[in-house]
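In: Using only what follows, build the 3D model:
(chains A, B, C and D)
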Number of protein chains: 4
Amino acid sequence: MKSFCRTENQYVRCGLAEFLGTLILILFGCGSVAQMELSGFAKAQFLSVNMAFGFAVTAGAYVCAGVSGAHLNPAVSLSMFLLDKLTWRMMLVYWLAQFLGSFVGASFVFFLYYDALYVYSSGNFTVTGPQSTAGIFASYPSEHLSHINGFTDQVIATAALMIAILAILDEANNAAPRGIQPFMIGIVVLLVGLSMGFNCGYPINPARDLAPRIFTAIAGWGLEVFWAGSNWWWVPVFGPLAGSLVGVILYQLFIEIHHPEIKQKDDLEEDQKDRHPPHYELVHSSA
Amino acid sequence: MKSFCRTENQYVRCGLAEFLGTLILILFGCGSVAQMELSGFAKAQFLSVNMAFGFAVTAGAYVCAGVSGAHLNPAVSLSMFLLDKLTWRMMLVYWLAQFLGSFVGASFVFFLYYDALYVYSSGNFTVTGPQSTAGIFASYPSEHLSHINGFTDQVIATAALMIAILAILDEANNAAPRGIQPFMIGIVVLLVGLSMGFNCGYPINPARDLAPRIFTAIAGWGLEVFWAGSNWWWVPVFGPLAGSLVGVILYQLFIEIHHPEIKQKDDLEEDQKDRHPPHYELVHSSA
Amino acid sequence: MKSFCRTENQYVRCGLAEFLGTLILILFGCGSVAQMELSGFAKAQFLSVNMAFGFAVTAGAYVCAGVSGAHLNPAVSLSMFLLDKLTWRMMLVYWLAQFLGSFVGASFVFFLYYDALYVYSSGNFTVTGPQSTAGIFASYPSEHLSHINGFTDQVIATAALMIAILAILDEANNAAPRGIQPFMIGIVVLLVGLSMGFNCGYPINPARDLAPRIFTAIAGWGLEVFWAGSNWWWVPVFGPLAGSLVGVILYQLFIEIHHPEIKQKDDLEEDQKDRHPPHYELVHSSA
Amino acid sequence: MKSFCRTENQYVRCGLAEFLGTLILILFGCGSVAQMELSGFAKAQFLSVNMAFGFAVTAGAYVCAGVSGAHLNPAVSLSMFLLDKLTWRMMLVYWLAQFLGSFVGASFVFFLYYDALYVYSSGNFTVTGPQSTAGIFASYPSEHLSHINGFTDQVIATAALMIAILAILDEANNAAPRGIQPFMIGIVVLLVGLSMGFNCGYPINPARDLAPRIFTAIAGWGLEVFWAGSNWWWVPVFGPLAGSLVGVILYQLFIEIHHPEIKQKDDLEEDQKDRHPPHYELVHSSA
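Out: Now for the predicted structure:
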């Protein structure tokens, strides 16, 4: 049985790991939004959701960090590709795994809270209005928010997140111990929610937002999930991709390229890239 | 005195350790629910209870991790038995110790808040109604919840918990440092409460739910504690057992069986099982 | 200047360290209660106070752990004396330093919030009534609480705290890394507040309760601080002392005496007691 | 491209690092105040802001700790100068970088929440009144607070913060592991907010308060930001400078000068000061 299921193929291993990690992230993350909304804020407030999304990243990252590097976010994988630490082929595997994991995670939230969803919405799944429930799964902008400000929000939030993550992983800086990095990254995601959650709920991750949105389109909310907020859906897809790049460039310019040479391990890694699973600093020391 | 009480018998040592660890878990966990209910939500909210149950697991795990591996949960022990890391004899010792520890922990909560219980309920301990207090000790389903959805809830929550715990302990993945594992597992239990607590209060542990329920049946609430919620009591007993198995299988299939061979320590452990206390990864490095 | 102030005398060193550590604990701890009360719960709730007292212990423990072992609590020092890890002479030094540190910490809270205290109470410092402010500094029982239940509360809470602390420090169990022990102990104190704070505000420390109470008696609240709650003041003094002993005995009986001999370092320590500062496990590895 | 931007000049490296670290601190910290104020306390409460400022320090400290020692605060840099661990020239570089980083961070908060600011205030940026928004960026005293008590508040809060930070970094005491120090320092900043936030919002950092205040003066709030609270602006500039000195002196007198000689590394450092980047204990072990 074990030898039947087992594989050492890096594409499959990393794909399975990213799938399960992202599934766990979305299951816990969107689950907490459901708990808040469906209980009428009796069993959770926005602070609870901030904590849940932060520690959902922690849990998801522990699940796959030693295998795939725990990107959990297509924007992170894109950055790694552009930094030449991930082949384009592997990036596509990561993207696919992240989207599928997010989709399945969203469906588990649907089944977990099926009775509550049904009672709360009287069986009528809507995107807007007082008993709307689409916001459990994907982000929608606050009334005050223009698309320009929404895009800026996603760029700033994702860039700040990436800068902090790169610092936490950077062993030439003051990296967190490897086995504690998932916790510290979760703390930073919690921080993003505490500070940058008011405009549109800090999606900061195309897979986290788009896959559950597609799920809701299929599961009964309809295409309204794409039209809502003047076609808001594309902002949390492309904003994080842009913000991730901005963050990587800023961290490089202000910190990483100035590290003394002896601590640079990049050349070493270039050589090892073919022999190793193509992931990032989170797994350096074991790689 | 010391030599009189001392034993090196593994069954006794592990049993005593699981007993005290589970007692601490239930004392702090159910204590926080009592604080919330009896103070009319003035001294605690659901978030406080989530934090308390998480860190109660942390405290309970520190108490016994180095001795028994800190299962604290019959569902975890069952999984370890099926993974061939615990003999059936030892599993029964763990189960007994966990149930007794949970029972005694619940009784300590009763004495700790005896005056408050008496004043709040006017001396009339009830399972339902506005001044009901049975929910301090055991779980009862929300009104919206069917038994099927309740069982699904327990399977999903326990499976997600197990996946995260196995990852935190898996040294071939990105395990947390040994002395910090109890904290990280507590963070995951906090996370379960933030995301999966609305349906029925996330029992996810047969000993945590059934033993305090039996205590309340004896201490004055009566057999109503079993009838309530259409005989709800069996769901948080068998749901976690099933969910734990699902979680173990998923983590094996998606992550563990694909680890490169050199990092597998299972064969080594098979040999050592007779000489060692039969616990799990939490104590690998010292075993 | 430095050589003038410097000393290597263990009594002075440990006394100064316990003094500053306990001062920091009370300054932050009671400061958070002041913030909650004086802002009319706008700037803090009971959860904030729970977090503050937990992390105040963390901060106070970092301040003195490497020097005096960070008892911060006469009940802890008494236990160490009875466990033969502290001479009676040194115990008295610790007690004196803890009480003085707590007294000075309380006076700093008074000065920190002097304007707010004056405005809130209209310059009339009272122990009971709607604008009473004595609860900022010392504990008073809830209306529902009898002295017997109050004493039980203090015994259970301090015993549970001690069991968790001993486990966190026990290197033959699954101790937290030395530099993280102050954080983990803070988490346990937070846990006590989340679960056992409703009856009387979890003093669990004679110095934390009695010294600020004496400060308020002098600073304008009068002797009412001792009469209130039917002479409540002695419960949080003697309850924690008893509870601490119960906790030490239980941890010994259920866990510590059964550790395999090779890991016991007690004999070694007996020999070294005269050459070393007489503190506890928190500083084992450096001692 | 990389060789064009790269520098090994310590003044530039440390300046860039302090700039980015302080920017991150202010972006997340003031962002959370904006989230609280502009959402009418629906998306954040004071506890959320306390957590955000604490973990914003954590994130900012990870960004620059390995390069500049993560002062992030002119009061910390002044202390290091007076302790002879930073040249006056380098102190000026740190101060400039911290002020610029704080200014740019505040401007990012402005752009991040531009739409929300505009809607909330109807386009009328005011310092006082029900829809005032200046408090998002800089501190203003509560009504009850005199300047004397305000100054005392800043001295006590910054001194207590410095004592805890020095202990967390002091390897002859019980220092936190190097890669976890940014988290522990964040916990202490959270603690300051939980306990000392009611009087005037715990600025405890001249750069954190003055630079965003100047930004608001320029961005539309006008010179009222300096006049408000009877010219309050100077208190959070000079109070933290004084408090930082008090904290350093107290920690020296009570703890550090009494450490056994063998653990003192100060002489060693004196010799190495010219060859090393002039930062503080946060980078001892790597220096």
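In: Averaging pLDDT per element, find the lowest-scoring helix or strand in chain A.
Out: Least confident helix or strand, chain A: helix A:266-272 with a mean of 47, by mean pLDDT, DSSP states H and E.
In: just the residues of the stretch 101-250 of chain A that are near chain B, which are they?
Out: Residues of the stretch 101-250 of chain A lying near chain B by Cβ under 8 Å from any Cβ of the partner chain: A:108, A:111-116, A:118-120, A:177-183. (Glycine included, C-beta is placed from N, CA and C.)
In: 7 Å instead, please
Out: A:108, A:111-112, A:114-116, A:119, A:177-180, A:182-183 (Cβ under 7 Å from any Cβ of the partner chain).
In: Touching, residue A:7 and residue B:258? I think so.
Out: Yes. With contact defined as Cβ atoms under 7 Å, residue A:7 counts as touching residue B:258 (5.8 Å).
In: now the helices for the stretch 101-250 of chain A?
Out: Taking DSSP state H, counting those that start in this stretch, the helices of the stretch 101-250 of chain A run over residues A:114-121, A:147-169, A:181-196, A:206-216, A:224-231, A:235-254.
In: Which of the ones you listed has the highest mean neighbour count?
Out: helix A:181-196 (a mean of 27; mean count of other Cβ atoms under 10 Å in any protein chain shown).
In: give me every residue that touches residue A:24.
Out: A:56, A:59, A:60, A:63, B:160, B:163, B:164 (Cβ atoms under 7 Å, 6 or more residues apart in numbering or on different chains).
In: Including distance to chain C and pLDDT, could those go into a markdown table?
Out: Formatted as a markdown table, the contacts of residue A:24 follow (distance: Cβ to the nearest Cβ, whole Å; pLDDT from 0 to 100):
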| residue | distance to chain C | pLDDT |
| --- | --- | --- |
| A:56 | 20 | 98 |
| A:59 | 18 | 98 |
| A:60 | 23 | 98 |
| A:63 | 22 | 98 |
| B:160 | 23 | 98 |
| B:163 | 22 | 97 |
| B:164 | 19 | 98 |
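In: Which two of those residues have the greatest separation?
Out: Pairwise distances across the contacts of residue A:24 (Cβ to Cβ) peak at 12.3 Å, for the pair A:56 and B:163.
In: Report the contact partners of residue A:195.
Out: Shown in contact with residue A:195 (Cβ under 7 Å, 6+ apart): D:28, D:31, D:32, D:35, D:52.
In: Assign a three-state SS to the residue nearest to the first one when sequence neighbours are not counted, would you?
Out: Counting by Cβ to Cβ, 6 or more residues apart in numbering or on different chains, residue D:56 is the residue found nearest to residue D:28 once chain neighbours are left out, at 3.6 Å. Counting by DSSP: H, G, I helix; E, B strand; the rest coil, the backbone at residue D:56 sits in helix.
In: What separation do you get for residue D:56 and residue D:156?
Out: Distance, residue D:56 to residue D:156, using Cβ to Cβ, to the nearest Å: 22 Å.
In: ok, now residue A:11?
Out: Taking Cβ to Cβ, one finds residue A:11 at 58 Å from residue D:156.
In: just residue A:234 next, same as before
Out: As judged by Cβ to Cβ, residue A:234 and residue D:156 stand 51 Å apart.
In: for residue A:179, same thing?
Out: Distance of residue A:179 to residue D:156, given as Cβ to Cβ: 37 Å.
In: What would whichever strand or helix holds residue A:60 look like as PDB? C-alpha coordinates only.
Out: For residue A:60, the host element (DSSP states H and E) is helix A:46-68. Output in PDB follows, covering the C-alpha atoms of helix A:46-68 (Å, rounded to 0.1, in the frame of the first residue of the first chain):
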ATOM      1  CA  PHE A  46     -12.800  40.800  13.500                       C
ATOM      2  CA  LEU A  47      -9.900  40.300  15.900                       C
ATOM      3  CA  SER A  48     -10.700  36.500  16.100                       C
ATOM      4  CA  VAL A  49     -10.700  36.400  12.300                       C
ATOM      5  CA  ASN A  50      -7.300  38.200  12.200                       C
ATOM      6  CA  MET A  51      -5.900  35.700  14.700                       C
ATOM      7  CA  ALA A  52      -7.400  32.700  12.800                       C
ATOM      8  CA  PHE A  53      -6.000  33.800   9.400                       C
ATOM      9  CA  GLY A  54      -2.600  34.400  11.000                       C
ATOM     10  CA  PHE A  55      -2.400  31.000  12.700                       C
ATOM     11  CA  ALA A  56      -4.000  29.300   9.700                       C
ATOM     12  CA  VAL A  57      -1.000  30.400   7.800                       C
ATOM     13  CA  THR A  58       1.100  29.000  10.600                       C
ATOM     14  CA  ALA A  59      -0.700  25.600  10.500                       C
ATOM     15  CA  GLY A  60      -0.600  25.500   6.700                       C
ATOM     16  CA  ALA A  61       3.100  26.400   6.700                       C
ATOM     17  CA  TYR A  62       4.000  23.700   9.100                       C
ATOM     18  CA  VAL A  63       2.200  21.200   6.900                       C
ATOM     19  CA  CYS A  64       4.300  21.800   3.900                       C
ATOM     20  CA  ALA A  65       7.400  23.900   4.800                       C
ATOM     21  CA  GLY A  66       9.800  21.000   4.900                       C
ATOM     22  CA  VAL A  67       8.700  19.800   1.500                       C
ATOM     23  CA  SER A  68       7.700  22.700  -0.700                       C
END
